[in-house]
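Participant: fold the following, please.
(one chain, ligands or ions: 2)
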Amino acid sequence: MQAHLLQKINNAALPTWRTLSHRRLQAHPSPLSPTNTLLAAPLPTWLQDPVIPRLLSLPVDLIDSIFHNSPHGTPNHCLINEYLPGQGIHAHEDGDAYYPVVATVSLASHIILDIKAKKNNTMGEKSQDMPRWRVLQEPRSLLITTGELYTDCLHGISEVKIDEVLGESSIANWNLLGDRTPFAGGQAAREPRVSLTFRDVIRVKKLGKAFGILKR
Ligand SMILES: O=C(O)CCC(=O)C(=O)O
Ligand SMILES: [Fe+2]
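Facilitator: Ligands and ions are numbered 1, 2, ... in the order given. The predicted structure is shown next:
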């Protein structure tokens with residue numbers, strides 16, 4: 001499945017990629033409008049299957065799926081980021097265009113997601129001792145960001161070629177890793193990495209409405 005997805009992503013026509021200063025980006029089915037609205041369209045089938053049925057069948061608290069309470073009950077948008085070694089993304093929050101759940105599938109290389117609480121968080125922390133976490137995302141893994149991590153924290157990826165100080169005391173999910181072997185020496189060189197971030201965009205408009213076409 002990883003090879004199939006990478007082939008689809010890498011075979012995309014060049015205009016599909018938006019090149020930013022530190023990474024490349026594809027938005028499916030399309031980028032959001034300036035008012036954070038998505039033009040109604042299905043995700044391409046290669047992005048739906050088999051990822052979305054698996055996401056929706058993941059039980060959370062043994063009852064609901066992670067998108068159970070989201071406006072559309074399923075992700076309707078996927079941002080694909082590509083990072084070469086040394087590239088990253090500045091600390092940011094994903095904001096209120098989306099229902100506060102992000103399902104991130106990592107492909108090809110590991111990466112470290114740096115998470116820190118926002119200054120005005122509701123966790124009652126003072127700025128000097130605000131919590132920070134480093135999450136190691138393994139290739140072919142899924143990371144779900146929700147709750148306070150979505151609303152009260154910033155996340156980013158540092159622009160380094162080698163991740164260092166890897167171990168139980170510095171990596172929040174060390175004991176959840178599928179295979180610690182590549183990181184057991186405390187260092188890991190990055191390879192090109194692709195992330196697929198699935199979300200539910202709250203505002204969706206049909207094409208007719210977007211162009212102000214009225215039904216008679
Ligand atoms: O690539 C990642 O894991 C993070 C991407 C991200 O934060 C975003 O697209 O908003
Ligand atoms: Fe983000």
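
Participant: longest single helix anywhere in this protein?
Facilitator: helix 2-10 (DSSP state H).

Participant: next SSE after that helix?
Facilitator: Going down the chain from helix 2-10, the next helix or strand is strand 18-19, by DSSP states H and E.

Participant: pLDDT of that following strand, averaged?
Facilitator: Averaging pLDDT along strand 18-19 gives 81.

Participant: next: stretch 96-108.
Facilitator: The pLDDT scores in stretch 96-108 average 96.

Participant: give the buried residues for that stretch.
Facilitator: By neighbour count on 16 or more other Cβ atoms under 10 Å, the buried set for stretch 96-108 is 97-108. Every residue, glycine included, has its C-beta placed from N, CA and C.

Participant: tell me the residues of this structure that contact ligand 1?
Facilitator: Proximity of the chain to ligand 1, by Cβ under 6 Å from any ligand atom, involves residues 79, 81, 89, 94, 104, 113, 155, 195, 197.

Participant: identify the farthest-apart pair in those residues.
Facilitator: Greatest spacing in the residues of the chain next to ligand 1, by Cβ to Cβ: L79 and L113 (14.6 Å).

Participant: thinking again about what came up before, packing partners for the longest helix of the chain?
Facilitator: When contacts are defined as 3 or more Cβ pairs under 8 Å, 6 or more residues apart in numbering; DSSP states H and E, helix 2-10 packs onto helix 45-48, strand 101-107, strand 193-199.

Participant: tell me which residues in stretch 187-194 are buried?
Facilitator: 188, 190, 193-194.

Participant: mind telling me which residue of the protein is nearest ligand 1?
Facilitator: For the chain and ligand 1, the shortest gap (Cβ to the nearest ligand atom) falls at S195, measuring 3.3 Å.

Participant: how about low-confidence regions in the protein?
Facilitator: For the chain, the stretches with pLDDT under 70 are 14-15, 61-63, 120-130, 209-216.
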